[in-house]
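Undergrad: got a sequence here, can you model it:
(chains A and B)
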Amino acid sequence: MKHQKIRNNKFTDRFDKAPQLITNGIDELIWRSMVKAIDTRNKELEKTLFDFMQSTIHLSIQHHSLSHFNHYINFPARIYEMTAKKNKLETTYYESHKESTERSVIALRNLISFVLGAVIRNEKIIEKRDHLYYFYYWSFTSYSLFFYSLFRRNDLDFFKYTLRNFYLISDPLETELQELRAKKRNALNDLSNPDIEELYEVSKPLEILRRFGLYRRRCLKSIYSWIIYMYQLEEIELKVAQEYLNQFKPFDHIGELVTDLFFYSGNELSMNYMGLSGWDYIQRNDWEVYSPPQPSEWLTLGAVAEMITTKHYPNFARIKTKDINKASGIMVMVQKVTKEMQKKEDRWLDFFKLKSETFLERINAVQASIMELDKVKERIREEKIAQSQLSDKKKEALINDIGASWEKQSQIHWLFDKIGNTQIITDENTKLKLIGRRNYLPKGKMMLIDNEYYQRVYGLSDLGGNIGRWEDDDFFATALNSVKHQVTGISIVETIEKSLALLNENDVNPDLILLSPEYSYQDDELLQHEDFSLPNERKNDTIPFLEIGRFKNILIYGSFSNLIENKVLICNFKDAFLMRYKTKEKWYKGKLNIEFKELSKEEESDKFKKELTALSTDKREEGDLFNLIRSSIYLDIWTTLDFHIRDENSYVIGYVS
Amino acid sequence: MIFNRRRRQWLRFQIIESMKEEYPDLMKRQRNLLTRFTHFCKARNQWWLVLIIVFGGIYVSSRINYKMFNTITLDYKTATQLVDQRSSNLATIISISLVVVGFIINNLAIKEPVVYKLLFRRTPLYLIVYLTLSTIAAFVITSTLRDTLNQDLFSRYVLAATYFVLLILIFIGILFRTIITITDPKKLNEMLQEEILFESNKRLRRFLVWKLAQQRIRAFMSHHNVSDRSFLSTVGIPNNLAIDNTIEQRELSDIHFTRLEALLQEDLNGLFLTNTLLSLGNLIRQPNELLWNNNSINPSQDRISVGRCIKLKKASTAVDEFRGHFDSKFEDLVNTGKQNELGILMDTYLDLYEMEMITLITP
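TA: The predicted structure follows:
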């Protein structure tokens, strides 16, 4: 029995958790005790527990332990919720509730302003400072959560008190931050020769020290935007919204508007930054499927409201290249927000205290500033494309595409290759026709680079097809120009019969009839003629011609060339015609020259001068034009061949009147 | 030396050695050798040790002919009188002592299981009982053999047993002294704090061993191209990956990397580790289920035998008895509104926090 195997799929014994630490559960015990203290209105106990939390927090800061710090840092919001709940049930509890809340607010303020500041100031090792700044992040997250709780309970008095205390928080390392900024400015004094070493030295410390202001601002902006969002959703009335929003001082960071907008469309926000993803305005049922408020949306709403109020619009001229990918996200979000605002115009007119025309004017100004982002994005993109190297792999792929298209369309060329009446010209002095041309492709580089700016261009392969068609046209033009024997007929059948009779007289054995493809479906006389037979089932799909059938056992091909319209060419193909061509190994199939070339410096310069004059009415800056030219390429595509008439008696052209 | 060399190849030894360098304060012995030995002797299950010491000591006394030990001599007549008297003296002393101890225990300020546990741990109560019973047994046996043994031997045995009686008296003195200390709430709290810090130290070590072992195992597996499969990604796992629940779970106590490396160098493709969180301390049933050969359906004859590469032991359950006591005491004080008495407990909790923070953040 002991060894009887029991088949099951339970894997519960495989995945042990880490051994528990001795302090596991202490925080839960403290919070439970706090609930008890509040329930029993035991102020002394409450204070004792509060002091313990503060001691633990201070200890965690001292030892740089973020995990322990986070056990208790949300104390203001948690204690507030507990005491507010109690206060709601027993109004006599108000004094205790007030005392607890004020104590929490002051403790958090002091923690940020003094405790953390003192520890960070004394820490000179950059990596440890970097780690310590996360304590600021969590402290401001705690503040953010607190504001959210206060607003949710519509507790204006404590909201005002908390905000007043919040404004008292200043950056304890402000002086050091300013010194670093000055150093950076000095290093960039001479833009043509910046002090790279100095810049490198200050960049990391500066990035760290900036975070205080960043967290502080985002904490304020989040509650500010949330209030406006609640107003938009009609969860609160104008009076309530104004009461709260009037407590805010004007934001003094207009220059940061661009940074904020990029942040709102970035990934960081989607990862529950400062707990904002959890902010909601109604109680959701567990079984309900819903879409929670998106922080990117309501934060953008706050930013747009600020723009409309202050008439300050973002200037995207100096955005960093690494942020450019977020540009689309910003444009989409701002468009969405402004459209929503326009739908509820009356509500917003009251909010902003503006007339309709002014409101629309400002909305348009917001949209215009965001559109500018598109241009900047394009500008950066072109610059990057212009600076990129061409990729051999991409070139080869494109050459193959164009070549394949040429092969499909070059009917006459194929015929010559099949029949074999061709001649390779090796003599450099013998000049043949170049059938094709040089194409100038503005921004063409983007299809030949191998980076994130690569963009496929559709339709380019048609250029190969054009070469094929031009070859066909050239052939027919040659045949028509040198024709000796012509016949006319009122129908295609009559014309063919007359042509065949003429060739017969000249002892020519015709093996090919070329005519327009429309005869394959329009001319019943031909199709029903006793001498006409439809083609056998096509086995080889690589034939570029449309095989119409046979007339008196002579093969009929349909050619798409315009020059054969209302005409028919009947011949002994090999005897009548010769194709001479040049070949090079690097050409496609040794015949089609396809070459991508970047513009030389002289060509760029000439083009630039020409285009600048031509586009004198365009507001585009010279830099943009230069980028456009630098991102352009030439595409040389041609075959080097011509067609000869070997024997003018071996072919006849019939004209169908 | 060979023993040490062999030990070095095991993962636990390597981790402990590295912990001694990285966490010297944590790894410092909290109790010296003597204290640990006395704790060992005082434990409940060490009756056999006491028995060996008593009988061994009495036997050895007849073999040692050293001038210092020959100072006190007993003649045969005195010894025959003493042998009977001492056993009854001893029985009387121990019964009175136990009655007194029982009375004191009944009147302890804190009557909780953890305090009793502390009492038995800190006092030589078990030792005294076993020592007394062993000595009485020695006297009875010696008395029975008085006509069998030669007179000199008999006298020496009685003398040796008498020495043990003196030892018992000393231990009884220590017992009373310790119990009286425990009746003082302040001293008791100090002892409890000491115990919880000791418990915390053990917990932290266990955690660090687990964490460091996990890192090393992952690095080792990665280096040998053994892929990692979490439970959720093992969809379509073969049916014969079954666990025999009749096999007792045992704790993974150690891993021999050199042997494991030799095993992995055999021609096996696409191995994967079924437990991504594998570390020392994990509970496993079937060691051969740990590593799977990707390509085969892993019938029993193909299962990778890791038996020689690991050590398993009976699953140990670490219980925080003293932490549990502190928590329940805390809750009681909170419920009864005696916040003034919370200070000591809170200080203890802060000490625990600090110990954890220093250990886990420093490296």
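Undergrad: in chain B, which residue is closest to the centre?
TA: B:Phe40 (7.9 Å; Cα atoms, centre = their mean).
Undergrad: now the closest residue to chain A within the stretch 1-150 of chain B: closest residue in space that isn't a chain neighbour?
TA: Relative to chain A, the nearest point of the stretch 1-150 of chain B is B:Leu26 (12.3 Å; Cβ to the nearest Cβ). The C-beta positions use only the backbone N, C-alpha and C, and glycine is treated the same way. Of all residues not flanking B:Leu26 in the chain, B:Thr359 sits nearest, at 5.2 Å (Cβ to Cβ, 6 or more residues apart in numbering or on different chains).
Undergrad: what's the answer for B:Arg203, then?
TA: B:Arg203 sits nearest to A:Ile22 (Cβ to Cβ, 6+ apart), 4.5 Å away.
Undergrad: how many residues are close by the one you found?
TA: For A:Ile22, the count of nearby residues is 23 (other Cβ atoms under 10 Å in any protein chain shown).
Undergrad: likewise A:Ser491?
TA: 14.
Undergrad: so A:Ile653 belongs to a helix, correct?
TA: No - per DSSP: H, G, I helix; E, B strand; the rest coil, A:Ile653 lies outside any helix segment and is strand.
Undergrad: next up, the contacts around the closest residue to it other than its chain neighbours.
TA: Once flanking residues are discounted, A:Ile653 sits nearest to A:Val483: 4.8 Å by Cβ to Cβ, 6+ apart. A:Val483 sits next to A:648, A:651-653 when contact means Cβ atoms under 8 Å, 6 or more residues apart in numbering or on different chains.
Undergrad: same deal with B:Leu260?
TA: B:Leu260 touches B:220, B:306, B:309, counting by Cβ under 8 Å, 6+ apart.
Undergrad: next one: the first one from chain A, what distance?
TA: What it means is B:Phe220. 18 Å (Cβ to the nearest Cβ, to the nearest Å).
Undergrad: dump the residue contacts of that residue.
TA: B:257, B:260-261.
Undergrad: the last one too?
TA: With contact taken as Cβ under 8 Å, 6+ apart, B:Cys309 is in contact with B:255-256, B:259-260, B:263.
Undergrad: what residues does the stretch 251-363 of chain B put near chain A?
TA: Contact residues (Cβ under 8 Å from any Cβ of the partner chain) of the stretch 251-363 of chain B with chain A: B:274-277, B:279, B:281-285, B:318, B:320, B:323, B:327, B:330-331, B:334-335, B:337, B:339, B:342, B:346, B:349-350, B:352-358, B:360-361.
Undergrad: can I get the buried part of those residues as one PyMOL selection?
TA: To isolate the buried ones among those in PyMOL, judged by 16 or more other Cβ atoms under 10 Å in any protein chain shown, type:
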select buried, chain B and resi 274+275+276+277+279+281+282+283+284+285+320+323+327+330+334+339+342+346+349+352+353+354+355+356+357+358+360
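Undergrad: the residue nearest to B:Leu26: neighbouring residues, count only.
TA: For B:Thr359, the neighbour count with other Cβ under 10 Å is 22.
Undergrad: repeat for A:Lys221
TA: A:Lys221: 22 neighbours (other Cβ under 10 Å).
Undergrad: and it, how far from chain B?
TA: In terms of Cβ to the nearest Cβ, A:Lys221 sits 32 Å off from chain B.
Undergrad: so that residue touches A:Thr300, yeah?
TA: No - contact criterion Cβ atoms under 8 Å: A:Lys221 and A:Thr300 do not qualify, at 10.8 Å.
Undergrad: any idea how far A:Asp462 is from A:Lys395?
TA: A:Asp462 sits 18 Å away from A:Lys395, going by Cβ to Cβ, to the nearest Å.
Undergrad: just to revisit the earlier point, I'd like to know which of the contacts of B:Cys309 is nearest to chain A.
TA: Distances from chain A to those, taken by Cβ to the nearest Cβ, are shortest for B:Ile255, at 15.1 Å.
Undergrad: check contacts around B:Met346.
TA: So B:Met346 contacts A:48, A:52, A:55 (Cβ under 8 Å, 6+ apart).
Undergrad: correction: the previous question concerned B:Thr144.
TA: For B:Thr144, the contact set (Cβ under 8 Å, 6+ apart) is empty.
Undergrad: and the nearest residue to A:Asp531 once chain neighbours are set aside, what are its phi and psi?
TA: Of all residues not flanking A:Asp531 in the chain, A:Lys552 sits nearest, at 4.7 Å (Cβ to Cβ, 6+ apart). When quoted as degrees, to the nearest 10, the phi and psi of A:Lys552 stand at phi 50, psi 40.
Undergrad: compare the contacts of B:Met346 and tell me which is most surrounded.
TA: A:Phe52 (22 neighbours).
Undergrad: so which helix or strand takes in it?
TA: A:Phe52 belongs to helix A:43-62 when assigned by DSSP states H and E.
Undergrad: which of the residues in that helix are buried?
TA: A:45-46, A:48-50, A:52-57, A:59-61.
Undergrad: surely B:His325 touches B:Leu192?
TA: Yes - contact criterion Cβ under 8 Å: B:His325 and B:Leu192 qualify, at 7.0 Å.
Undergrad: any residues in contact with both of those two?
TA: Counting by Cβ under 8 Å, 6+ apart, the shared contacts of B:His325 and B:Leu192 are B:Val114.
Undergrad: what are the buried residues along stretch A:299-313?
TA: So stretch A:299-313, judged by 16+ other Cβ under 10 Å, has buried residues A:299-309, A:313.
Undergrad: ok, now which ones touch A:Glu44?
TA: Contacts of A:Glu44 by Cβ under 8 Å, 6+ apart are B:Gln339.
Undergrad: check what pLDDT it gets.
TA: If you check A:Glu44, the pLDDT there is 92.
Undergrad: if we can go back for a sec, alpha carbons only: can I get the helix holding A:Phe52 in CSV?
TA: Provided in CSV are the C-alpha atoms of helix A:43-62 (Å, rounded to 0.1, in the frame of the first residue of the first chain):
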residue,chain,number,x,y,z
LYS,A,43,-5.9,58.5,22.6
GLU,A,44,-2.9,57.4,24.5
LEU,A,45,-2.7,54.1,22.8
GLU,A,46,-3.2,55.7,19.5
LYS,A,47,-0.3,58.1,20.2
THR,A,48,1.9,55.2,21.4
LEU,A,49,1.2,53.2,18.2
PHE,A,50,1.8,56.3,16.1
ASP,A,51,5.1,56.9,17.8
PHE,A,52,6.1,53.4,17.1
MET,A,53,5.3,53.8,13.4
GLN,A,54,7.4,57.0,13.3
SER,A,55,10.3,55.2,15.0
THR,A,56,10.1,52.4,12.5
ILE,A,57,10.0,54.8,9.6
HIS,A,58,13.0,56.7,10.9
LEU,A,59,14.9,53.5,11.5
SER,A,60,14.2,52.3,8.0
ILE,A,61,15.5,55.6,6.6
GLN,A,62,18.6,55.4,8.7
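Undergrad: what's next to the very next helix or strand once past it, contact-wise?
TA: Downstream of helix A:43-62, the next assigned helix or strand under DSSP H and E is helix A:66-72. Residues outside helix A:66-72 that contact it (Cβ under 8 Å, 6+ apart) are A:23, A:26-27, A:30, A:53, A:56-57, A:59-61, A:131, A:134-135, A:138, B:353, B:356-357.
Undergrad: low-confidence bits of the chain, can you list those?
TA: You didn't say which chain, so I picked chain A. A:1-17, A:191-192, A:253-255, A:320-321, A:538-542, A:612-623 (pLDDT under 70).
Undergrad: not what I meant, chain B
TA: For chain B (pLDDT under 70), the answer is B:1-6, B:29-31, B:65-70, B:109-110, B:228-245, B:266-277, B:288-289, B:292-304, B:317-319, B:362-363.
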